[in-house]
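[1] next comes the sequence, and after it the predicted model I'd like to discuss.
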Amino acid sequence: MYAVATPTAHSPEGPLSASTVPPPAVPASETDAVFMALFEVHRDRVFSTALRLTGRRHDAEDLAAEAFLRAYRSLSGFDHERLETLQPRAWLTAIVVNQWRNQRRTASRRPVTVSSDAVADADPVDALPGVERRVEIHDDGDRLAALLIELPERQRIAVVLRYIGDLPVGEIAEVMGCPTGTVKSLISRGLARLRPAGPGAGIREATDGGGLR
Amino acid sequence: MTATDDRRLISALSVLSVPAPPDLAERIVAHWAYVEGPTVDVYVAFSSAGISSVVPAPSVSGDDEFTAAFRRRFGRPLFGADGPPDGVGEALRTGSALDLPFDLSGRTHFEQDVLGTALEIPPGEVRPYSWIAHRINRPRAVRAVGTALGHNPVPVLIPCHRVIRSDGDMGQYGFGREMKRRLLDGEGVDVDRVFSMVRQGANYVGDDLGRVVCMPTCHRLLPVDGEHRRGFRSLAQAAAEGYRPCPSCRPSGR
(Lines give C-alpha, C1' and ligand atoms only; values in the text may rest on other atoms or scores of the structure.)
Protein backbone atom coordinates (compact mmCIF):
# COMPACT_ATOMS: atom_id res chain seq x y z
CA MET A 1 0.00 0.00 0.00
CA TYR A 2 1.31 3.42 -0.86
CA ALA A 3 1.75 5.65 2.15
CA VAL A 4 0.35 9.14 2.00
CA ALA A 5 3.31 11.40 2.57
CA THR A 6 3.08 14.58 4.59
CA PRO A 7 4.10 17.55 2.49
CA THR A 8 7.47 18.88 3.58
CA ALA A 9 7.88 22.59 4.02
CA HIS A 10 10.56 24.33 2.05
CA SER A 11 13.40 25.30 4.33
CA PRO A 12 14.19 28.98 3.75
CA GLU A 13 17.72 28.51 5.14
CA GLY A 14 18.66 25.95 2.52
CA PRO A 15 20.34 22.61 3.16
CA LEU A 16 22.89 22.45 5.97
CA SER A 17 24.70 19.49 4.54
CA ALA A 18 23.83 17.27 1.65
CA SER A 19 24.15 14.06 3.65
CA THR A 20 21.84 14.86 6.57
CA VAL A 21 19.11 16.84 4.84
CA PRO A 22 16.62 15.06 2.59
CA PRO A 23 16.42 16.36 -0.97
CA PRO A 24 14.06 19.32 -1.22
CA ALA A 25 10.47 18.60 -2.13
CA VAL A 26 9.42 19.79 -5.55
CA PRO A 27 7.97 23.33 -5.38
CA ALA A 28 4.19 23.31 -4.98
CA SER A 29 3.44 25.10 -8.25
CA GLU A 30 5.46 22.43 -10.09
CA THR A 31 3.70 19.65 -8.19
CA ASP A 32 0.37 21.15 -9.21
CA ALA A 33 1.40 21.24 -12.86
CA VAL A 34 2.66 17.63 -12.74
CA PHE A 35 -0.52 16.55 -11.00
CA MET A 36 -2.79 18.21 -13.55
CA ALA A 37 -0.85 16.59 -16.38
CA LEU A 38 -1.32 13.19 -14.69
CA PHE A 39 -4.97 13.95 -14.14
CA GLU A 40 -5.58 14.83 -17.79
CA VAL A 41 -3.92 11.66 -19.03
CA HIS A 42 -5.35 9.22 -16.49
CA ARG A 43 -8.73 10.55 -15.40
CA ASP A 44 -10.81 8.36 -17.76
CA ARG A 45 -8.82 5.27 -16.86
CA VAL A 46 -9.04 5.99 -13.12
CA PHE A 47 -12.76 6.72 -13.33
CA SER A 48 -13.52 3.65 -15.45
CA THR A 49 -11.53 1.47 -13.06
CA ALA A 50 -13.43 2.93 -10.11
CA LEU A 51 -16.75 2.47 -11.91
CA ARG A 52 -16.16 -1.18 -12.74
CA LEU A 53 -14.86 -1.97 -9.24
CA THR A 54 -17.73 -0.27 -7.39
CA GLY A 55 -20.46 -0.85 -9.98
CA ARG A 56 -22.11 2.46 -9.13
CA ARG A 57 -21.52 5.78 -10.80
CA HIS A 58 -21.96 7.83 -7.64
CA ASP A 59 -19.51 5.66 -5.67
CA ALA A 60 -17.09 5.72 -8.60
CA GLU A 61 -17.07 9.53 -8.65
CA ASP A 62 -16.32 9.62 -4.92
CA LEU A 63 -13.65 6.95 -5.23
CA ALA A 64 -11.94 8.59 -8.21
CA ALA A 65 -11.93 12.03 -6.54
CA GLU A 66 -10.60 10.60 -3.28
CA ALA A 67 -7.91 8.62 -5.09
CA PHE A 68 -6.70 11.67 -7.01
CA LEU A 69 -6.60 13.69 -3.79
CA ARG A 70 -4.51 10.98 -2.13
CA ALA A 71 -2.25 10.93 -5.15
CA TYR A 72 -1.82 14.69 -4.90
CA ARG A 73 -0.99 14.51 -1.20
CA SER A 74 1.67 11.89 -1.87
CA LEU A 75 3.10 13.80 -4.82
CA SER A 76 3.50 16.85 -2.59
CA GLY A 77 6.14 15.02 -0.59
CA PHE A 78 8.10 13.70 -3.58
CA ASP A 79 11.52 14.97 -4.57
CA HIS A 80 12.58 15.26 -8.21
CA GLU A 81 14.11 11.80 -8.32
CA ARG A 82 10.98 10.11 -7.00
CA LEU A 83 8.91 12.10 -9.48
CA GLU A 84 11.07 11.10 -12.43
CA THR A 85 11.02 7.39 -11.62
CA LEU A 86 7.28 7.33 -10.97
CA GLN A 87 5.21 4.76 -12.91
CA PRO A 88 2.04 6.83 -12.84
CA ARG A 89 -0.34 4.29 -14.38
CA ALA A 90 0.39 1.52 -11.87
CA TRP A 91 0.81 3.98 -9.02
CA LEU A 92 -2.58 5.66 -9.56
CA THR A 93 -4.28 2.31 -10.07
CA ALA A 94 -2.81 1.01 -6.81
CA ILE A 95 -4.23 4.03 -4.98
CA VAL A 96 -7.70 3.39 -6.44
CA VAL A 97 -7.59 -0.31 -5.55
CA ASN A 98 -6.27 0.25 -2.01
CA GLN A 99 -8.82 2.96 -1.38
CA TRP A 100 -11.65 0.77 -2.65
CA ARG A 101 -10.57 -2.18 -0.53
CA ASN A 102 -10.31 0.04 2.56
CA GLN A 103 -13.82 1.36 1.96
CA ARG A 104 -15.16 -2.18 1.57
CA ARG A 105 -13.47 -3.30 4.77
CA THR A 106 -14.80 -0.29 6.66
CA ALA A 107 -18.28 -0.85 5.24
CA SER A 108 -18.25 -4.54 6.13
CA ARG A 109 -17.34 -3.74 9.73
CA ARG A 110 -20.36 -1.47 10.05
CA PRO A 111 -23.80 -2.95 10.80
CA VAL A 112 -25.21 -4.17 7.52
CA THR A 113 -27.58 -1.66 5.99
CA VAL A 114 -27.10 -2.63 2.37
CA SER A 115 -26.87 -6.26 1.42
CA SER A 116 -27.94 -8.09 -1.69
CA ASP A 117 -30.10 -5.10 -2.59
CA ALA A 118 -26.91 -3.27 -3.51
CA VAL A 119 -27.13 -4.72 -6.98
CA ALA A 120 -30.63 -3.31 -7.36
CA ASP A 121 -29.19 0.14 -6.61
CA ALA A 122 -26.58 -0.17 -9.31
CA ASP A 123 -26.86 1.62 -12.61
CA PRO A 124 -29.80 0.29 -14.57
CA VAL A 125 -28.76 -3.12 -15.73
CA ASP A 126 -30.66 -5.28 -18.17
CA ALA A 127 -30.23 -8.62 -16.50
CA LEU A 128 -33.08 -10.22 -18.41
CA PRO A 129 -33.49 -8.57 -21.78
CA GLY A 130 -36.60 -9.38 -23.77
CA VAL A 131 -36.21 -12.13 -26.36
CA GLU A 132 -37.23 -9.89 -29.21
CA ARG A 133 -34.84 -7.18 -28.11
CA ARG A 134 -31.98 -6.46 -30.46
CA VAL A 135 -28.70 -7.44 -28.94
CA GLU A 136 -26.43 -4.45 -29.26
CA ILE A 137 -22.98 -3.79 -27.94
CA HIS A 138 -24.52 -1.48 -25.37
CA ASP A 139 -26.64 -4.28 -23.97
CA ASP A 140 -23.66 -6.58 -23.84
CA GLY A 141 -21.88 -3.83 -21.89
CA ASP A 142 -24.67 -3.59 -19.33
CA ARG A 143 -24.74 -7.36 -18.91
CA LEU A 144 -20.97 -7.55 -18.65
CA ALA A 145 -20.93 -4.74 -16.09
CA ALA A 146 -23.54 -6.58 -14.02
CA LEU A 147 -21.52 -9.79 -14.10
CA LEU A 148 -18.28 -7.95 -13.35
CA ILE A 149 -19.52 -6.62 -10.02
CA GLU A 150 -20.53 -10.13 -9.04
CA LEU A 151 -17.04 -11.54 -9.58
CA PRO A 152 -15.12 -12.38 -6.40
CA GLU A 153 -13.03 -9.39 -5.32
CA ARG A 154 -9.61 -10.55 -6.54
CA GLN A 155 -10.91 -11.80 -9.89
CA ARG A 156 -12.75 -8.53 -10.38
CA ILE A 157 -9.64 -6.49 -9.58
CA ALA A 158 -7.49 -8.57 -11.96
CA VAL A 159 -9.97 -8.40 -14.86
CA VAL A 160 -10.78 -4.69 -14.38
CA LEU A 161 -7.11 -3.71 -14.12
CA ARG A 162 -6.17 -5.78 -17.17
CA TYR A 163 -8.96 -4.83 -19.58
CA ILE A 164 -10.41 -1.55 -18.25
CA GLY A 165 -7.24 -0.16 -16.66
CA ASP A 166 -5.12 -1.55 -19.52
CA LEU A 167 -2.35 -2.59 -17.11
CA PRO A 168 0.14 -5.32 -18.09
CA VAL A 169 0.04 -8.47 -15.97
CA GLY A 170 3.39 -7.61 -14.34
CA GLU A 171 2.07 -4.28 -13.04
CA ILE A 172 -1.17 -5.87 -11.83
CA ALA A 173 0.95 -8.34 -9.86
CA GLU A 174 2.71 -5.41 -8.19
CA VAL A 175 -0.54 -3.64 -7.41
CA MET A 176 -2.09 -6.82 -5.98
CA GLY A 177 1.08 -7.97 -4.27
CA CYS A 178 1.03 -11.48 -5.77
CA PRO A 179 2.97 -13.44 -8.44
CA THR A 180 2.16 -12.91 -12.15
CA GLY A 181 1.01 -16.53 -12.39
CA THR A 182 -1.70 -15.83 -9.81
CA VAL A 183 -2.82 -12.75 -11.77
CA LYS A 184 -3.07 -14.79 -14.99
CA SER A 185 -5.10 -17.44 -13.25
CA LEU A 186 -7.42 -14.85 -11.65
CA ILE A 187 -7.96 -13.26 -15.08
CA SER A 188 -8.73 -16.55 -16.80
CA ARG A 189 -11.15 -17.62 -14.05
CA GLY A 190 -12.78 -14.19 -14.19
CA LEU A 191 -13.16 -14.30 -17.99
CA ALA A 192 -14.71 -17.76 -17.75
CA ARG A 193 -17.43 -16.39 -15.50
CA LEU A 194 -18.05 -13.46 -17.85
CA ARG A 195 -18.42 -15.52 -21.02
CA PRO A 196 -22.19 -15.99 -20.68
CA ALA A 197 -22.50 -12.22 -21.15
CA GLY A 198 -19.97 -11.98 -23.96
CA PRO A 199 -20.82 -10.79 -27.49
CA GLY A 200 -23.23 -13.13 -29.21
CA ALA A 201 -24.20 -14.83 -25.98
CA GLY A 202 -27.49 -12.97 -26.02
CA ILE A 203 -28.32 -14.25 -29.51
CA ARG A 204 -27.51 -17.83 -28.58
CA GLU A 205 -29.43 -17.44 -25.43
CA ALA A 206 -32.44 -16.02 -27.25
CA THR A 207 -32.44 -18.87 -29.75
CA ASP A 208 -31.99 -21.74 -27.29
CA GLY A 209 -34.26 -20.12 -24.74
CA GLY A 210 -31.76 -20.33 -21.88
CA GLY A 211 -31.98 -17.73 -19.12
CA LEU A 212 -28.93 -15.64 -18.37
CA ARG A 213 -29.23 -15.61 -14.62
CA MET B 1 -14.87 -21.53 -25.88
CA THR B 2 -12.40 -20.53 -28.50
CA ALA B 3 -9.66 -17.94 -28.57
CA THR B 4 -11.91 -15.93 -30.89
CA ASP B 5 -14.63 -15.83 -28.25
CA ASP B 6 -12.10 -14.59 -25.69
CA ARG B 7 -10.92 -11.86 -28.06
CA ARG B 8 -14.51 -10.76 -28.58
CA LEU B 9 -15.15 -10.82 -24.84
CA ILE B 10 -12.04 -8.75 -24.22
CA SER B 11 -13.00 -6.22 -26.83
CA ALA B 12 -16.48 -6.05 -25.29
CA LEU B 13 -14.87 -5.38 -21.92
CA SER B 14 -12.99 -2.44 -23.36
CA VAL B 15 -16.37 -0.85 -24.15
CA LEU B 16 -16.83 -0.57 -20.39
CA SER B 17 -14.22 2.20 -20.33
CA VAL B 18 -16.07 5.48 -20.09
CA PRO B 19 -15.05 9.14 -19.91
CA ALA B 20 -14.67 10.67 -16.46
CA PRO B 21 -17.48 13.07 -15.56
CA PRO B 22 -16.62 16.63 -16.62
CA ASP B 23 -16.84 17.95 -13.04
CA LEU B 24 -14.32 15.47 -11.60
CA ALA B 25 -11.51 18.05 -11.68
CA GLU B 26 -13.70 20.52 -9.80
CA ARG B 27 -14.03 18.02 -6.95
CA ILE B 28 -10.25 17.92 -6.59
CA VAL B 29 -8.84 21.30 -7.52
CA ALA B 30 -9.37 24.57 -5.64
CA HIS B 31 -9.05 28.14 -6.91
CA TRP B 32 -8.05 31.30 -5.16
CA ALA B 33 -8.62 35.02 -5.52
CA TYR B 34 -7.60 38.21 -3.73
CA VAL B 35 -10.60 40.30 -2.71
CA GLU B 36 -10.58 43.87 -1.43
CA GLY B 37 -12.72 44.57 1.60
CA PRO B 38 -13.74 47.76 3.40
CA THR B 39 -11.63 47.03 6.49
CA VAL B 40 -9.31 44.27 5.40
CA ASP B 41 -8.47 42.56 2.09
CA VAL B 42 -8.68 38.78 2.08
CA TYR B 43 -7.47 35.74 0.18
CA VAL B 44 -10.34 33.38 -0.66
CA ALA B 45 -10.00 29.75 -1.79
CA PHE B 46 -12.97 27.88 -3.23
CA SER B 47 -14.16 24.98 -5.37
CA SER B 48 -17.49 23.77 -6.70
CA ALA B 49 -18.27 22.65 -3.13
CA GLY B 50 -18.04 26.22 -1.84
CA ILE B 51 -15.63 28.57 -0.10
CA SER B 52 -13.14 26.55 1.92
CA SER B 53 -10.59 29.09 3.12
CA VAL B 54 -10.35 32.78 3.93
CA VAL B 55 -7.17 34.48 5.16
CA PRO B 56 -6.89 38.20 5.96
CA ALA B 57 -4.21 39.56 3.65
CA PRO B 58 -2.25 41.42 6.38
CA SER B 59 -1.68 38.14 8.24
CA VAL B 60 0.47 36.63 5.44
CA SER B 61 3.48 37.99 3.59
CA GLY B 62 1.89 37.52 0.17
CA ASP B 63 0.38 35.16 -2.40
CA ASP B 64 3.03 32.48 -1.90
CA GLU B 65 2.53 32.19 1.84
CA PHE B 66 -1.23 31.98 1.41
CA THR B 67 -1.10 29.32 -1.32
CA ALA B 68 1.54 27.26 0.53
CA ALA B 69 -0.50 27.33 3.75
CA PHE B 70 -3.64 26.32 1.85
CA ARG B 71 -1.94 23.33 0.21
CA ARG B 72 -0.52 22.23 3.58
CA ARG B 73 -3.84 22.51 5.37
CA PHE B 74 -6.17 21.17 2.68
CA GLY B 75 -3.91 18.97 0.53
CA ARG B 76 -5.39 20.16 -2.76
CA PRO B 77 -3.89 21.68 -5.87
CA LEU B 78 -4.62 25.40 -6.00
CA PHE B 79 -4.82 27.67 -9.04
CA GLY B 80 -5.41 31.38 -9.41
CA ALA B 81 -8.92 32.37 -10.53
CA ASP B 82 -10.10 35.46 -12.39
CA GLY B 83 -12.19 36.45 -9.41
CA PRO B 84 -13.95 35.18 -6.30
CA PRO B 85 -17.32 33.39 -6.33
CA ASP B 86 -20.35 35.65 -6.85
CA GLY B 87 -21.34 37.54 -3.75
CA VAL B 88 -18.03 37.52 -1.89
CA GLY B 89 -17.25 41.19 -2.57
CA GLU B 90 -20.75 42.18 -1.53
CA ALA B 91 -20.57 40.01 1.61
CA LEU B 92 -17.38 41.82 2.63
CA ARG B 93 -18.99 45.20 2.02
CA THR B 94 -22.23 44.42 3.87
CA GLY B 95 -20.75 42.14 6.53
CA SER B 96 -23.38 39.49 5.87
CA ALA B 97 -22.45 36.21 4.17
CA LEU B 98 -25.66 34.27 4.90
CA ASP B 99 -26.20 33.37 1.24
CA LEU B 100 -22.65 32.29 0.38
CA PRO B 101 -21.86 28.60 -0.17
CA PHE B 102 -19.25 27.40 2.35
CA ASP B 103 -17.36 24.13 2.19
CA LEU B 104 -16.92 23.05 5.82
CA SER B 105 -16.54 19.38 4.93
CA GLY B 106 -13.38 18.90 7.00
CA ARG B 107 -15.05 20.15 10.19
CA THR B 108 -16.94 18.13 12.82
CA HIS B 109 -20.72 18.46 13.25
CA PHE B 110 -20.12 20.46 16.41
CA GLU B 111 -17.79 22.86 14.61
CA GLN B 112 -20.26 23.21 11.75
CA ASP B 113 -23.04 24.05 14.24
CA VAL B 114 -20.87 26.65 15.94
CA LEU B 115 -19.79 28.24 12.65
CA GLY B 116 -23.33 28.19 11.25
CA THR B 117 -24.57 30.02 14.36
CA ALA B 118 -21.73 32.57 14.23
CA LEU B 119 -22.71 33.24 10.61
CA GLU B 120 -26.08 34.55 11.85
CA ILE B 121 -24.59 37.33 13.99
CA PRO B 122 -25.40 40.54 12.09
CA PRO B 123 -22.69 43.10 11.28
CA GLY B 124 -22.29 45.73 13.98
CA GLU B 125 -23.28 43.31 16.74
CA VAL B 126 -21.33 41.02 19.07
CA ARG B 127 -22.25 37.96 21.11
CA PRO B 128 -20.51 36.13 23.95
CA TYR B 129 -19.20 32.57 23.45
CA SER B 130 -21.89 31.37 25.85
CA TRP B 131 -24.61 32.72 23.52
CA ILE B 132 -23.46 30.33 20.80
CA ALA B 133 -23.17 27.48 23.32
CA HIS B 134 -26.82 28.05 24.32
CA ARG B 135 -28.03 28.43 20.76
CA ILE B 136 -26.64 25.03 19.78
CA ASN B 137 -27.99 23.38 22.94
CA ARG B 138 -24.56 22.79 24.41
CA PRO B 139 -24.68 25.40 27.21
CA ARG B 140 -21.68 23.93 29.04
CA ALA B 141 -19.45 23.73 25.97
CA VAL B 142 -18.34 27.38 26.09
CA ARG B 143 -14.63 26.56 25.83
CA ALA B 144 -15.24 24.13 22.99
CA VAL B 145 -17.14 26.89 21.18
CA GLY B 146 -14.03 29.08 21.51
CA THR B 147 -11.85 26.31 20.13
CA ALA B 148 -14.21 25.68 17.21
CA LEU B 149 -14.24 29.38 16.37
CA GLY B 150 -10.43 29.43 16.63
CA HIS B 151 -10.35 26.81 13.88
CA ASN B 152 -12.77 28.73 11.65
CA PRO B 153 -11.37 28.13 8.14
CA VAL B 154 -13.39 31.01 6.66
CA PRO B 155 -12.94 33.95 9.08
CA VAL B 156 -14.23 37.45 8.30
CA LEU B 157 -16.97 35.91 6.09
CA ILE B 158 -18.11 33.66 8.95
CA PRO B 159 -17.73 36.41 11.53
CA CYS B 160 -16.05 34.69 14.47
CA HIS B 161 -14.61 38.13 15.27
CA ARG B 162 -18.11 39.07 16.47
CA VAL B 163 -17.85 36.58 19.33
CA ILE B 164 -16.35 37.95 22.55
CA ARG B 165 -16.02 36.91 26.17
CA SER B 166 -18.95 37.47 28.52
CA ASP B 167 -16.72 39.16 31.12
CA GLY B 168 -15.95 42.23 29.07
CA ASP B 169 -12.78 41.02 27.40
CA MET B 170 -12.21 40.91 23.66
CA GLY B 171 -11.25 37.22 23.65
CA GLN B 172 -8.76 35.55 21.37
CA TYR B 173 -8.58 35.81 17.59
CA GLY B 174 -6.63 33.61 15.25
CA PHE B 175 -5.15 36.62 13.49
CA GLY B 176 -4.50 38.61 16.66
CA ARG B 177 -6.64 40.74 18.94
CA GLU B 178 -5.63 43.86 16.98
CA MET B 179 -7.23 42.44 13.83
CA LYS B 180 -10.35 41.50 15.78
CA ARG B 181 -10.62 45.05 17.09
CA ARG B 182 -10.03 46.49 13.62
CA LEU B 183 -12.82 44.38 12.12
CA LEU B 184 -15.27 45.32 14.89
CA ASP B 185 -14.34 49.03 14.64
CA GLY B 186 -14.89 48.79 10.89
CA GLU B 187 -18.43 47.53 11.48
CA GLY B 188 -19.21 50.35 13.89
CA VAL B 189 -19.18 48.31 17.10
CA ASP B 190 -18.27 50.57 20.02
CA VAL B 191 -16.16 47.90 21.66
CA ASP B 192 -15.22 49.97 24.72
CA ARG B 193 -18.82 50.90 25.45
CA VAL B 194 -19.94 47.27 25.19
CA PHE B 195 -17.22 46.15 27.57
CA SER B 196 -17.87 48.87 30.08
CA MET B 197 -21.57 47.97 30.11
CA VAL B 198 -20.80 44.33 30.65
CA ARG B 199 -18.34 45.15 33.44
CA GLN B 200 -21.08 47.13 35.16
CA GLY B 201 -23.24 44.03 35.10
CA ALA B 202 -25.40 44.77 32.04
CA ASN B 203 -25.17 41.45 30.20
CA TYR B 204 -28.53 42.27 28.58
CA VAL B 205 -30.23 45.53 27.75
CA GLY B 206 -33.96 46.10 27.93
CA ASP B 207 -36.06 48.65 26.08
CA ASP B 208 -38.43 49.79 28.81
CA LEU B 209 -41.01 51.17 26.36
CA GLY B 210 -41.24 48.02 24.23
CA ARG B 211 -40.58 45.77 27.26
CA VAL B 212 -38.12 43.76 25.17
CA VAL B 213 -34.73 42.50 26.35
CA CYS B 214 -31.80 42.23 23.92
CA MET B 215 -28.14 41.41 23.65
CA PRO B 216 -26.33 44.75 24.30
CA THR B 217 -25.41 45.40 20.65
CA CYS B 218 -28.71 44.33 19.08
CA HIS B 219 -29.67 46.69 16.24
CA ARG B 220 -33.19 46.86 17.67
CA LEU B 221 -31.83 49.06 20.46
CA LEU B 222 -30.38 51.66 18.10
CA PRO B 223 -33.42 53.98 18.12
CA VAL B 224 -33.94 53.58 21.88
CA ASP B 225 -32.81 56.61 23.91
CA GLY B 226 -30.39 56.04 26.75
CA GLU B 227 -33.00 56.94 29.39
CA HIS B 228 -35.23 54.11 28.19
CA ARG B 229 -32.51 51.47 28.28
CA ARG B 230 -32.31 49.16 31.25
CA GLY B 231 -29.36 46.87 31.98
CA PHE B 232 -29.99 43.34 33.28
CA ARG B 233 -27.53 40.92 34.74
CA SER B 234 -29.63 37.90 33.85
CA LEU B 235 -32.54 36.98 31.61
CA ALA B 236 -34.42 35.68 34.65
CA GLN B 237 -34.24 39.15 36.16
CA ALA B 238 -35.56 40.69 32.92
CA ALA B 239 -38.34 38.11 32.67
CA ALA B 240 -39.36 38.79 36.29
CA GLU B 241 -39.88 42.41 35.35
CA GLY B 242 -42.02 41.52 32.37
CA TYR B 243 -39.47 41.84 29.53
CA ARG B 244 -39.76 39.35 26.70
CA PRO B 245 -36.72 38.20 24.74
CA CYS B 246 -36.03 39.98 21.44
CA PRO B 247 -36.89 37.70 18.49
CA SER B 248 -34.06 39.20 16.47
CA CYS B 249 -30.98 38.74 18.68
CA ARG B 250 -32.53 35.93 20.74
CA PRO B 251 -30.73 36.70 23.98
CA SER B 252 -29.23 33.74 25.82
CA GLY B 253 -26.03 32.79 27.57
CA ARG B 254 -24.89 33.66 31.05
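    Sure thing, it's come through.

[2] what about residue B:80, how many neighbours?
    10 (other CB atoms under 10 Å in any protein chain shown). To be clear about C-beta, it is placed using only N, CA and C from the backbone, and glycine gets the same treatment.

[3] show the backbone phi and psi for it.
    Dihedral pair for residue B:80: phi -70, psi 140, per degrees, to the nearest 10.

[4] could I get the pLDDT score of it?
    Predicted confidence (pLDDT) for residue B:80: 95.

[5] show me what contacts the closest residue to it other than its chain neighbours?
    Spatial nearest neighbour of residue B:80, chain neighbours left out: residue B:32 (6.1 Å); criterion: CB to CB, 6 or more residues apart in numbering or on different chains. Residue B:32 is in contact with B:43-46, B:53, B:66-67, B:70, B:78-81, counting by CB atoms under 8 Å, 6 or more residues apart in numbering or on different chains.

[6] double-check that residue B:32 belongs to a helix.
    No. Using DSSP: H, G, I helix; E, B strand; the rest coil, the secondary structure at residue B:32 is strand, not a helix.

[7] ok, now how distant is residue B:188 from residue B:95?
    9 Å (CB to CB, to the nearest Å).

[8] higher neighbour count, those two?
    Neighbour totals were compared for residue B:188 and residue B:95, and residue B:95 leads with 22 against 11 (other CB under 10 Å).

[9] what's the closest non-adjacent residue to the more buried one?
    residue B:123 (2.7 Å).

[10] cool, residue A:179 as well?
    The shortest distance from residue A:179 to any residue other than its chain neighbours is 6.2 Å, reached at residue A:173 (CB to CB, 6+ apart).

[11] quick check: which element contains residue B:69?
    helix B:63-74 (DSSP states H and E).

[12] what comes up buried for that helix?
    Neighbour-count burial for helix B:63-74, with 16 or more other CB atoms under 10 Å in any protein chain shown as criterion, is recorded at B:66-71, B:74.

[13] again, but for stretch B:188-203
    B:189, B:194-195, B:197-198, B:202-203.

[14] need those residues in JSON lines with secondary structure and pLDDT, can you?
    Output for the buried residues of stretch B:188-203, formatted as JSON lines (DSSP: H, G, I helix; E, B strand; the rest coil; pLDDT from 0 to 100):
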{"residue": "B:189", "secondary structure": "coil", "pLDDT": "91"}
{"residue": "B:194", "secondary structure": "helix", "pLDDT": "84"}
{"residue": "B:195", "secondary structure": "helix", "pLDDT": "84"}
{"residue": "B:197", "secondary structure": "helix", "pLDDT": "83"}
{"residue": "B:198", "secondary structure": "helix", "pLDDT": "81"}
{"residue": "B:202", "secondary structure": "coil", "pLDDT": "87"}
{"residue": "B:203", "secondary structure": "coil", "pLDDT": "89"}
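
[15] ok, of those residues, which one's closest to chain A?
    The shortest gap between chain A and any of the buried residues of stretch B:188-203 belongs to residue B:189, at 37.3 Å (CB to the nearest CB).

[16] pretty sure the closest one contacts residue B:127?
    No. Using CB atoms under 8 Å, residue B:189 is not in contact with residue B:127; the gap is 11.2 Å.

[17] now do the shared contacts for the two.
    residue B:162.

[18] still on that earlier bit, report whether the helix holding residue B:69 contacts chain A.
    Yes. Applying CB under 8 Å from any CB of the partner chain, one finds helix B:63-74 in contact with chain A at B:67-68, B:71-72.
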